[in-house]
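[1] below is the sequence, then the predicted model.
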Amino acid sequence: MRFIRFIPALLLSAMTAAAHTLYFGNYADAIRATEFDPVSGELGPDRAVAPLARASFLDRSADGRFLYAVAEGKPGVLAAFSIGTGGTLTPLNTRSSEGNGPCDIALSPEGRLVAVANYGGGSVIVHRVAADGSLDQKMAFFQHTHASGAHPDRQKTAHAHGVTWSPEGRLLLVPDLGGDRVYVYARKADDSLVPNPGQPWLTLAPAAGPRHAQFSPDGRHIYVINELDNTVAVVAYDPAGAALSLVETVSTLPAAGFAGFTKTAEIAVRADGRFVYASNRGHDSLALFARDPASGRLTPGGHVAVPANPRHFAISPDGRWLLSAGQDADAVRVYAVDAESGALAPVGPDFATPKPVCINF
């Protein structure tokens, strides 16, 4: 671990006590973990904590007791673990994702349901979570069939690419890259799901390729990262009518453009709702946007270089740190986040870990 010199003993003790286990999903052979120091932004030794090949995306229960992972395969696997002392993982059980290439996973806000998107299968599956954290009965399965065909290679079939619950847990949003749609599923009282009666999907621009979505902390807007046309769609959300409407679409690339091949990956809103970040793979950067809380509109605020192929990045819960996973660089880079401007400043050397795909705080 990289320690800062001359730290008083009492402060060092407090820092150690505040350390938080981070988990890394990856394209290696095991879920990995390290300790994150929220005071200095430093990371401890990298270690394997659960053997699970191609365990790409992860989610953790709000109480910190359980971790859930998807392992990409044909078909894919959904795995549940209990979290023990020091961040150790104990397997609970697994379920088939009932589709090829699961690529995203999300727990409902209260933790009763876990949803998975199957990219290769073009489907979404939802399981109930038992009291002991294990995966219980299947509550929903939806097979997408629509493909826009606007992109000649990537949109021949449906490709469900993300799962995002609304803040109150009433809706499940599923961006589908192949269909240029964000599907909307409504949750019933018995935890089953149905296509949202008033609006089963929101259609985005042809060849946009919606990938992931995130709500603003105030719940008024949704930010959808579009992989194929390198944009962010700003969407207004009306919880009373369970309705989504497009506000604007902005580019994730510099105004001068970029001559090489690039595509987007991840989207995140800082906890205070003032800034939005989006990752570019190829341009290998994070785009910063200032967010207008009333309209949800975004103002570009520049770019910062990140390790190659930033498949995912995550902001610490206190908003002070951003960690970017460079899948092709076998590295994670830590950035300090300026509270007023949202600007990112790299901290220390890159952290080595194999083929990182997802960072879970």
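    Structure's in. What do you need?
[2] ok, Val232 - contacts?
    Residues counted as contacts of Val232 (CB atoms under 8 Å, 6 or more residues apart in numbering) are 223-226, 249-250, 252, 264, 267, 276, 278, 289, 298. C-beta here means a position set from N, CA and C on the backbone, and glycine is covered the same way.
[3] how about Ala19?
    Contacts were defined as CB under 8 Å, 6+ apart; by that measure Ala19 touches Glu35, Phe36, Asp37, Pro38, Gly44.
[4] please redo it, this time with the cut-off set to 6 Å
    Contact criterion CB atoms under 6 Å, 6 or more residues apart in numbering gives Glu35, Asp37 as the residues in contact with Ala19.
[5] wait, what's in contact with Leu43?
    Shown in contact with Leu43 (CB under 6 Å, 6+ apart): Thr34, Phe36, Phe351.
[6] now, those that are in helices?
    Using DSSP state H, no member of those falls within helices.
[7] the stretch 101-250 of the chain: strands as residue ranges?
    Secondary structure of the stretch 101-250 of the chain (DSSP state E, counting those that start in this stretch): strands at 102-107, 113-118, 123-129, 135-143, 164-165, 171-176, 181-187, 193-195, 201-203, 210-215, 221-226, 231-238, 243-251.
[8] equivalent analysis for the stretch 251-361 of the chain, please.
    Under DSSP E, counting those that start in this stretch, the stretch 251-361 of the chain gives strands at 263-269, 275-281, 285-291, 298-305, 310-315, 321-326, 331-337, 344-352, 356-360.
[9] just the pLDDT for the nearest residue in space to Gly149 that is not next to it in sequence.
    Among residues not flanking Gly149 along the chain, Gln155 sits closest, at 5.5 Å (CB to CB, 6 or more residues apart in numbering). You'll see Gln155 listed with a pLDDT of 98.
[10] do Gly178 as well
    98.
[11] do the same with the one 4 residues further on
    Looking at Val182, its pLDDT is 98.
[12] now do the one 10 residues further on
    Per-residue confidence for Ser192 comes out at a pLDDT of 98.
[13] spit out the contact partners of it.
    When contacts are counted by CB under 6 Å, 6+ apart, Ser192 touches Met139, Ala140.
[14] okay, the contacts of Val232 in JSON lines with pLDDT and distance to Asp29 next?
    Below are the contacts of Val232 laid out as JSON lines (pLDDT from 0 to 100; distance: CB to CB, whole Å):
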{"residue": "Tyr223", "pLDDT": "99", "distance to Asp29": "33"}
{"residue": "Val224", "pLDDT": "99", "distance to Asp29": "32"}
{"residue": "Ile225", "pLDDT": "99", "distance to Asp29": "28"}
{"residue": "Asn226", "pLDDT": "99", "distance to Asp29": "32"}
{"residue": "Thr249", "pLDDT": "98", "distance to Asp29": "39"}
{"residue": "Val250", "pLDDT": "98", "distance to Asp29": "39"}
{"residue": "Thr252", "pLDDT": "98", "distance to Asp29": "32"}
{"residue": "Thr264", "pLDDT": "98", "distance to Asp29": "28"}
{"residue": "Ile267", "pLDDT": "98", "distance to Asp29": "28"}
{"residue": "Val276", "pLDDT": "98", "distance to Asp29": "34"}
{"residue": "Ala278", "pLDDT": "99", "distance to Asp29": "30"}
{"residue": "Phe289", "pLDDT": "98", "distance to Asp29": "37"}
{"residue": "Leu298", "pLDDT": "98", "distance to Asp29": "39"}
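[15] from the residues you listed, which would you call buried?
    Buried members of those, counted by 16 or more other CB atoms under 10 Å: 223-226, 249-250, 252, 264, 267, 276, 278, 289, 298.
[16] make CSV from the strands of the stretch 101-250 of the chain and add distance to Pro307 to it.
    Below are the strands of the stretch 101-250 of the chain laid out as CSV (distance: least, CB to CB, whole Å):
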stretch, distance to Pro307
strand 102-107, 20
strand 113-118, 25
strand 123-129, 30
strand 135-143, 33
strand 164-165, 25
strand 171-176, 25
strand 181-187, 29
strand 193-195, 37
strand 201-203, 33
strand 210-215, 19
strand 221-226, 18
strand 231-238, 21
strand 243-251, 22
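[17] which one, of these, ends up nearest to Ile315?
    Among the strands of the stretch 101-250 of the chain, strand 210-215 comes nearest to Ile315, with 10.4 Å by CB to CB.
[18] returning to what we had before: tell me the one among the buried ones among the contacts of Val232 nearest to Ala150.
    Of the buried ones among the contacts of Val232, the one sitting nearest to Ala150 (CB to CB) turns out to be Asn226, at 11.7 Å.
[19] and the gap between the closest one and Gly179?
    Shown here: Asn226 relative to Gly179, a distance of 12 Å by CB to CB, to the nearest Å.
[20] buried stuff in stretch 245-262?
    Here stretch 245-262 shows Leu246, Thr249, Val250, Ser251, Thr252, Leu253, Phe258 as buried, counting by 16+ other CB under 10 Å.
[21] next: stretch 93-107.
    For stretch 93-107, the neighbour count (16+ other CB under 10 Å) marks Arg95, Ser97, Glu98, Gly99, Asn100, Gly101, Pro102, Cys103, Asp104, Ile105, Ala106, Leu107 as buried.
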